[in-house]
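Chemist: Quick one: sequence and predicted model below, then my questions.
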Amino acid sequence: MSANARALPPPAPWWLRWPGAAVVAAGAISYRVCEGDLAQLTSARARDAVAGFVGGFWPPAHSTEFLSSLVRPALETLGIAYAGMTLALFVAAPLSFLAASPRVFVTGGDQPTRLHMALHHGVRALLSFMRAIPELLWALLFVRAAGLGAMPGVLAVGIAYAGVVGKVFAEIYESVPRGPAVALATAGATPVRAFAFGVFPQAMPLMTSYTLYRLDCAVRASAVLGLVGAGGLGQQADVALRMFQYDETATIMLVLFGLVAALDGVSFLVRRRLERSRGLFPHGRVALRNRCLAVVGGTAAFGATLQALDAPLWEMLLPSSVTHVAEFAAGMLPPDLGELGKVGTALVETLAISVFGTLLAAALAMALAYPASRKLFLQELGDEAAKRFMVRWQLRRVVHSVARGVLNLGRTVPETLWALLLIFAVGLGPFAGALALALHTAGVLGRLYAEALEEVDLGPARAMMNTGVRPGLAVLAAVLPQAFTQLIAFTLYRWEVNVRASAVLGLVGGGGLGAQLHVALGLFQYPQAMTLILGLLVLVLAVEQLSARLRRALGSGGQGPRAAVAAW
Amino acid sequence: MLRLSTLALALLMALPAHADVLRVSAIPDENPTELQRKYQPLAAYLAKATGMEVKFVPVTDYAATVEGLASGKLDLVWYGGFTYVQARRRTGNAIPLVQREEDARFHSRIIVSARSKAMSLADLKGATFAFGSVSSTSGHLMPRYFMTREGVVPERDFSKVSYSGAHDATAKWVETGVVDAGALNESVLQRLLDEKKVDASKIRVLWTSPEFFDYNWTVRGDLPKPLVEKIRAAFLALDYSNPEHKVLLDLQRTRKFIPTKPDNYAGIEEAARAAGLIKDP
């Protein structure tokens, strides 16, 4: 990051001369398109709804009967996440070798073969397709095509995540130092061997740590998949919310929060261990044996999980299942191009939801990131004067806890559930969707922003404070500018994610493409559904391109996979 | 290695296709917890009557039950009239077995907030409106069909049309003012009022539809004939004066099941075609 930030950015294209104006215009237009009405938030109905939530959420439901009824869904959610993630790895690992730029395999002056180039482009397109369709939509399709229960959930997480994991793995291979591979190739190693011993071991720690991070996401995702009938906690939460049983909703959210936090802790410990050991081929036979045992154990656990979930993945390979899926897919073709106007409107609305939601989230996250950072707010740049006055110091601690709490809450509650809540406050439609997106995204971005702010050089800020500048001002003037391009990169990555998310919000009454898709799927109008999916695909890919260009233009595109890892 | 994978493949092919399990499901027109409660005793009863293991498969997507029947993953499903028509069109041979006596003359109702000034369908112009699921008969198709016949075209006359997903959700949306009016099935509305899940002082019934055929129990067309007859007989044998059966029938909110046939649903198919909800290729 630092090397890039110091490099002189290239001159901005004309449409970025006034980035502030562009952002304001984008915000205003998207606000209009998604029928924004911030006054709604202070209306009597919103007050009633919020009073209802607050009164209803506390105390969370804690009867033994209800708690025990959550055990199975909670385990199911974990099981779907684990099985889905393992499936994603099985699919993504082989694809990632082809998705990586062929130059990674070629050392010296050779050109990659035509076949390799063709495969490379094909696989990249395939991965784009797999991740352009949100997992909730994959689940909806698999519920139709592949049956009921946990299986569609596992398949949906597996396919959608394979698309992301394959891409990120490929970017990791491309980003590791080339020295060892070149040295091996010069000494006569074949390209594949040079890759296996020169590139792969270096990529391994980051890949593992990304996989673990992704498992966290999978738990959240599989909790949501219940909304379309894939079991797990999401189904319970959906039911409880629709029935206004807020106390039960609160408990379910706490359980989900606990699961994610516990997993976070475990994966932190594993990652720390991995950082200490070295890559794929550790010193010593015992370590190697342990590693092999871990792989075998993980695979066995995968099988056992599928068994427990009653999701016989292998049955998908039976001829009858293959025929059924193929028939289902064929039934979606050719896409119905009769109502392109309606599709266009829905696409614009979806885009508007994603833009407004992301901008609002960025603003919220910006405001909360500083107080949420322990290092900046309490430790390194804590107000020395405040420390002497206990009351002010305690107040600072309270503000810190509240900011962290808000971000954690925003992040833990999936946007689809936020939308189910918000429709009672602001009514049905795209605005509820945009607000839901903003709340969840603010949680994600706030944490990323805080981490980015903590990584910069604090010297200038300390110097300013020594001359009597207040800490908040010092952060604004001396910390924020250093991390700014990084923050923008995170925001743009998140925007890419949010385009998919806003397409899904319609499924729960949040407007946009999802609403039409829901109707088309409900009426078995599969060719129409196909048109909508293709429209979504175009939109997602266009936004991905635009975001990449913006990042390049702002000189914040070159952080390599770490930024992508963090934001995806 | 090759031998090992051949063996694995052979094992795959030899997996049994769950021959002696009867898989039962229902469209998710109410919340899934309620559905589980409703169908568990019925599953036990059918297990005794057929001598098979009966498994209730909860589903939260209407259309998934249709695909489930078509792909042979479900054997017996509780359908609404419209989902039955879709299942019949999708499979060509699904057999409607029985229905509750009240399903032969079923109604939808449109409810509004008690404070609403609307007195007739025409007064709803410009209002926000909720149907249940898109695939619902009494929560979408029939109210849409009859409203259109009375000159109210939802997409033209309402300011916003949305789908709550289920009857009980529609009632809640109207009660809390998320929408101005909503259409739902009379029997779910009655239950919600009886159980005080919806406050009777906050809503008012604005309109009741003409009667139509609704829900039925449908089996897969390629089940063995004797089994189909056993299932039909089991339903018809339910007797309200038998205390054990009464529990089961009360959960289904009926007193008696009666036989039904495909012709009963020709009207629904016509309505769906007229409302543009099914299109012939």
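Modeler: That came in fine, so what should we check first? Computed from a predicted structure; not experimentally measured. Numbering: from 1, shown residues only, chains lettered A, B, ... in the order given.

Chemist: Just give the nearest non-adjacent residue to the residue of the stretch 451-568 of chain A at minimum distance from chain B, would you?
Modeler: The nearest approach of the stretch 451-568 of chain A to chain B comes at A:G522, 3.3 Å away (CB to the nearest CB). Glycine gets a C-beta too; all of them are placed from N, C-alpha and C. Distances taken as CB to CB, 6 or more residues apart in numbering or on different chains put B:V134 closest to A:G522, at 3.3 Å, once the chain neighbours are dropped.

Chemist: Low-confidence stretches in the stretch 1-150 of chain B?
Modeler: For the stretch 1-150 of chain B, residues meeting the criterion pLDDT under 70 lie at B:1-19, B:31-33.

Chemist: 50 instead, please
Modeler: B:1-18 (pLDDT under 50).

Chemist: Now do the strands in it.
Modeler: B:21-26, B:53-56, B:76-79, B:95-100, B:108-113, B:128-131 (DSSP state E, counting those that start in this stretch).

Chemist: Restricting to C-alpha, output the first one in CSV.
Modeler: Coordinates of the C-alpha atoms in strand B:21-26 are reproduced here as CSV (Å, rounded to 0.1, in the frame of the first residue of the first chain):
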residue,chain,number,x,y,z
VAL,B,21,-40.3,-44.0,2.0
LEU,B,22,-43.3,-41.9,1.2
ARG,B,23,-42.2,-38.3,1.0
VAL,B,24,-44.9,-35.8,1.9
SER,B,25,-44.8,-32.1,1.5
ALA,B,26,-47.0,-29.0,1.4
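
Chemist: if we can go back for a sec, OK, contacts around the residue of the stretch 451-568 of chain A closest to chain B?
Modeler: Applying CB atoms under 8 Å, 6 or more residues apart in numbering or on different chains, we find A:G522 in contact with B:Y62, B:A63, B:S133, B:V134, B:S135, B:Y163.

Chemist: In helices, which of the residues you listed fall?
Modeler: Among the contacts of A:G522, DSSP state H puts B:Y62, B:A63 in helices.

Chemist: Which two of the contacts of A:G522 have the greatest separation?
Modeler: Distances among these were taken as CB to CB; the most separated pair is B:A63 and B:Y163, at 13.0 Å.

Chemist: Quickly name whichever of the contacts of A:G522 is closest to A:L364.
Modeler: A:L364 has its nearest neighbour among those in B:Y163, at 30.3 Å by CB to CB.

Chemist: Kindly state the beta-bridge partners for that closest one.
Modeler: B:F131 (DSSP bridges).

Chemist: quick one: the helices in chain B?
Modeler: Using DSSP H, the helices found in chain B span residues B:2-14, B:32-50, B:62-70, B:81-91, B:142-149, B:154-157, B:167-176, B:186-194, B:225-236, B:243-251, B:266-274.

Chemist: Just put those helices in CSV and tack on distance to A:R273 and mean neighbour count.
Modeler: What follows is those, written out as CSV (distance: least, CB to CB, whole Å; neighbours: other CB atoms under 10 Å in any protein chain shown):
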stretch, distance to A:R273, mean neighbour count
helix B:2-14, 33, 9
helix B:32-50, 41, 17
helix B:62-70, 43, 26
helix B:81-91, 53, 25
helix B:142-149, 60, 23
helix B:154-157, 59, 14
helix B:167-176, 47, 25
helix B:186-194, 55, 18
helix B:225-236, 57, 15
helix B:243-251, 54, 14
helix B:266-274, 60, 17
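
Chemist: do stretch A:61-74 and chain B meet?
Modeler: No - against chain B, stretch A:61-74 shows no contacts by CB under 8 Å from any CB of the partner chain, the least distance being 8.6 Å.

Chemist: what is the mean pLDDT for that stretch?
Modeler: Mean pLDDT, stretch A:61-74: 82.

Chemist: now do stretch B:174-189
Modeler: 90.

Chemist: hang on, the earlier thing: wait, the residue nearest to A:G522 touches A:L523, no?
Modeler: Yes - the criterion here is CB atoms under 8 Å, and B:V134 meets it with A:L523 at 5.9 Å.

Chemist: returning to that earlier point: export the strands of the stretch 1-150 of chain B to CSV and tack on mean neighbour count?
Modeler: Shown next, in CSV, are these (neighbours: other CB atoms under 10 Å in any protein chain shown):
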stretch, mean neighbour count
strand B:21-26, 21
strand B:53-56, 17
strand B:76-79, 25
strand B:95-100, 23
strand B:108-113, 23
strand B:128-131, 24
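
Chemist: between the ones you listed, which one is nearest to B:K246?
Modeler: strand B:95-100 (14.3 Å).

Chemist: Paired strands for the closest one, with orientation please.
Modeler: strand B:216-219 (antiparallel), strand B:257-259 (antiparallel).

Chemist: Dump the first one to PDB, restricted to CA.
Modeler: These are the backbone C-alpha positions of strand B:216-219, laid out as PDB (Å, rounded to 0.1, in the frame of the first residue of the first chain):
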ATOM      1  CA  ASN B 216     -56.100 -30.800  -2.600                       C
ATOM      2  CA  TRP B 217     -53.800 -33.700  -1.900                       C
ATOM      3  CA  THR B 218     -52.000 -34.700  -5.100                       C
ATOM      4  CA  VAL B 219     -49.800 -37.800  -5.700                       C
END
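
Chemist: can you list contacts of that strand?
Modeler: Outside strand B:216-219, the residues within contact range by CB under 8 Å, 6+ apart are B:69, B:75-79, B:81, B:84, B:87-88, B:94-99, B:103, B:228, B:231, B:235, B:257, B:260, B:265.

Chemist: before we move on, the earlier item: so the residue of the stretch 451-568 of chain A closest to chain B versus A:M530, what's the distance?
Modeler: According to CB to CB, to the nearest Å, A:G522 stands 15 Å off from A:M530.

Chemist: what's the answer for B:D157, then?
Modeler: 30 Å.

Chemist: ok, now A:G234?
Modeler: When A:G234 is compared with A:M530 (using CB to CB), they lie 26 Å apart.

Chemist: The two - which one has more neighbours?
Modeler: A:G234 (31 against 19; other CB atoms under 10 Å in any protein chain shown).

Chemist: okay if I get the helices of chain B as a markdown table plus distance to A:V255?
Modeler: Formatted as a markdown table, the helices of chain B follow (distance: least, CB to CB, whole Å):
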| stretch | distance to A:V255 |
| --- | --- |
| helix B:2-14 | 36 |
| helix B:32-50 | 17 |
| helix B:62-70 | 26 |
| helix B:81-91 | 33 |
| helix B:142-149 | 38 |
| helix B:154-157 | 39 |
| helix B:167-176 | 23 |
| helix B:186-194 | 28 |
| helix B:225-236 | 39 |
| helix B:243-251 | 29 |
| helix B:266-274 | 41 |
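
Chemist: which SSE is A:L421 in?
Modeler: Taking DSSP states H and E as the criterion, A:L421 maps to helix A:415-426.

Chemist: That helix vs chain B: in contact?
Modeler: Yes - counting by CB under 8 Å from any CB, chain B is contacted by helix A:415-426 at A:I423, A:F424.

Chemist: could you check the angle helix B:167-176 makes with that helix?
Modeler: 30 degrees (axes from the mean of the first three to the mean of the last three CA atoms, to 10 degrees).

Chemist: What sits closest to B:T91 if chain neighbours are left out?
Modeler: Closest to B:T91 by CB to CB, 6+ apart is B:A70, at 5.0 Å.

Chemist: check contacts around the residue nearest to A:A240 when sequence neighbours are not counted.
Modeler: Leaving aside its sequence neighbours, A:A240 sits nearest to A:E248 (CB to CB, 6+ apart; 4.0 Å). Shown in contact with A:E248 (CB under 8 Å, 6+ apart): A:P60, A:A61, A:F66, A:Q236, A:A240.
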